[in-house]
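Colleague: sequence-free structure coming up:
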């Protein structure tokens, strides 16, 4: 599988600069959402937004550079044509691009959620301590006493989905303005 692996000699600087622009847009949006919905302080929200975005982008580039040499020549040609000339040769390429975009969105969402969950778990104040086992009657009393209590993972999923959706929406708007 890796015997045909070669690194590209030409780097798409324009794509990398747009990636930097996307960081400058998505990190503040996601940090704001983490701050408002998860009630983290601003410094922690910014840290989590930076960590999740850099991790997912780095992993995305690694996946791209691993998969790119394995693509058929037609798809490579379309990819090069789009990156350097911002157009497609074949009309069915746009449908493939839309499908790929959805896959990238949900993969990024999953990566960000798992990383955020890992960061919240490992960086909490009590560390790796095992939580005390609370009897079921005590849990029921606690739920009755605090009616607004929610499962943290559900809140993390929803918040990560909202933050990722808003940042992707902002990036999509910028791409649409750029292509005008």
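Modeller: Perfect, thanks for sending it. In this text, all values refer to a predicted model and were calculated from it rather than measured experimentally.
Colleague: list the contacts of the closest residue to residue 23 other than its chain neighbours.
Modeller: Leaving out its chain neighbours, the residue that sits closest to residue 23 by C-beta to C-beta, 6 or more residues apart in numbering is residue 53, at 6.0 Å. For every residue, glycine as well, the C-beta is placed using N, CA and C. By C-beta atoms under 8 Å, 6 or more residues apart in numbering, residue 53 lies in contact with 23, 26, 27, 30, 112.
Colleague: list the buried ones in stretch 168-180?
Modeller: 168, 171 (16 or more other C-beta atoms under 10 Å).
Colleague: next: stretch 21-32.
Modeller: 22, 23, 25, 26, 27, 29, 30, 31, 32.
Colleague: which element, helix or strand, includes the nearest residue to residue 15 once chain neighbours are set aside?
Modeller: Counting by C-beta to C-beta, 6+ apart, the nearest residue to residue 15 once its immediate chain neighbours are dropped is residue 83, at 5.9 Å. Per DSSP states H and E: residue 83 is located in helix 73-85.
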